[in-house]
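> Model the structure of this input:
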Amino acid sequence: MSNSLLHHRGQMSEAFRTVMFLSASGGLQDAYTYIGRGKVFANAQTGNIVLMSQSLFEGDFARFAHYFIPVLAFALGVAAAECIRLRWREAKRMHWRQLVLLAEIALLFVVGFFPAAWDIGANALVSFACAMQVQAFRKVHGYPFASTMCIGNLRSGMDSLVGFGHTHDKKLLWKGLHYFGVIFVFALGAGIGTQCVGIFGEKTIWLSCALLLVSLCFMFIKEDLPEIEEELEK
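Numbering: from 1, shown residues only. So this is what the prediction gives:
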């Protein structure tokens, strides 16, 4: 195995402890926007698109905008994260993923000051920030995953477990456990968010900032080498 692959496996952006806090934050964000900001999904844009289409066909254009704006913000967030990667992928002092996390933390911190009357803007910023995270963090221990939604992780986890049952390859079992671990942490974050919205209201999103800050700190203890990453992501 090449040294580049060994270094790639050591990236702190892919370490489970880093991903754990990212996933908890993702679950909390979805609970926050759905329960506390007018039943909009920050991460699960499929749900928003279904509700958006329903509103359009019913002629409820105000409700259509309520769901369309987060979907558009999510798309722009993906583009923003990719622009950051292209602009700062050669940076030496700070990895581009750390810049993405800093931007996400700043955006979510601002959302905490938005009153209920600004729910549409709050949902847009949360969706934008979430999309940046989705685009920047796509692997855990080298396995493709999503830190802000579960359907792909659930599919991959079950696929791995069925493969383990067929081949008894412990690597597949370990892979499946990674995916279900991420799902569990996501659900835990959502549960915590649900409880905290009733207590802290709009400022609950600051807990998500704290979780992301922990992930950011872990990434400073890193072997994260941009030049190796670029070779693997081409």
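
> max-length helix in the chain?
Longest helix in the chain by number of residues (criterion: DSSP state H): helix 170-200.

> Show me the contact partners of the helix or strand just after that helix.
Later in the chain than helix 170-200, the nearest helix or strand by DSSP states H and E is helix 205-219. The contact list for helix 205-219, computed with C-beta atoms under 8 Å, 6 or more residues apart in numbering, reads 12-13, 15, 17-19, 21-22, 24-25, 28-29, 32, 95, 97-98, 101-102, 104-105, 108-109, 111-112, 126, 189, 192-193, 196, 200. Where you see a C-beta, it was placed from the backbone N, CA and C, and this is true even at glycine.

> What subset of the residues you listed is buried?
The neighbour-count test (16 or more other C-beta atoms under 10 Å) marks 12-13, 15, 18-19, 21-22, 24-25, 28-29, 32, 95, 97-98, 101, 104-105, 108-109, 111-112, 126, 189, 192-193, 196 as buried among the contacts of helix 205-219.

> now the strands: where do they sit in this protein?
Using DSSP state E, the strands found in the chain span residues 139-140, 143-144.

> quick one: strands adjacent to the last one?
By that I understand strand 143-144. strand 139-140 (antiparallel) (DSSP bridges).

> what residue ranges in the protein score low on pLDDT?
Residue ranges of the chain with pLDDT under 70: 1-14, 222-234.

> Pick out the residue closest to the middle of it.
residue 148 (3.6 Å; C-alpha atoms, centre = their mean).

> residues near the residue nearest to that residue when sequence neighbours are not counted, how many?
Counting by C-beta to C-beta, 6 or more residues apart in numbering, residue 148 lies nearest to residue 26, which is 3.4 Å off, once chain neighbours are set aside. Around residue 26 there are 30 other residues, counting by other C-beta atoms under 10 Å.

> got a list of what residue 26 touches?
43, 130, 133, 147, 148, 149, 186, 189.

> OK, contacts around the first one?
For residue 43, the residues meeting the contact criterion (C-beta under 8 Å, 6+ apart) are 26, 29, 30, 127, 130, 134, 148, 149.

> measure it to residue 29 for me?
Residue 43 is 6 Å from residue 29, where distance means C-beta to C-beta, to the nearest Å.

> Also the last one?
As defined by C-beta to C-beta, residue 189 lies at a distance of 8 Å from residue 29.

> Over to the third one?
Taking C-beta to C-beta as the measure, residue 133 and residue 29 are separated by 9 Å.

> Need the phi and psi values for the nearest residue to residue 203 once chain neighbours are set aside.
Distances taken as C-beta to C-beta, 6+ apart place residue 112 nearest to residue 203, at 4.6 Å, with adjacent residues excluded. Main-chain dihedrals, residue 112, degrees, to the nearest 10: phi -60, psi -20.
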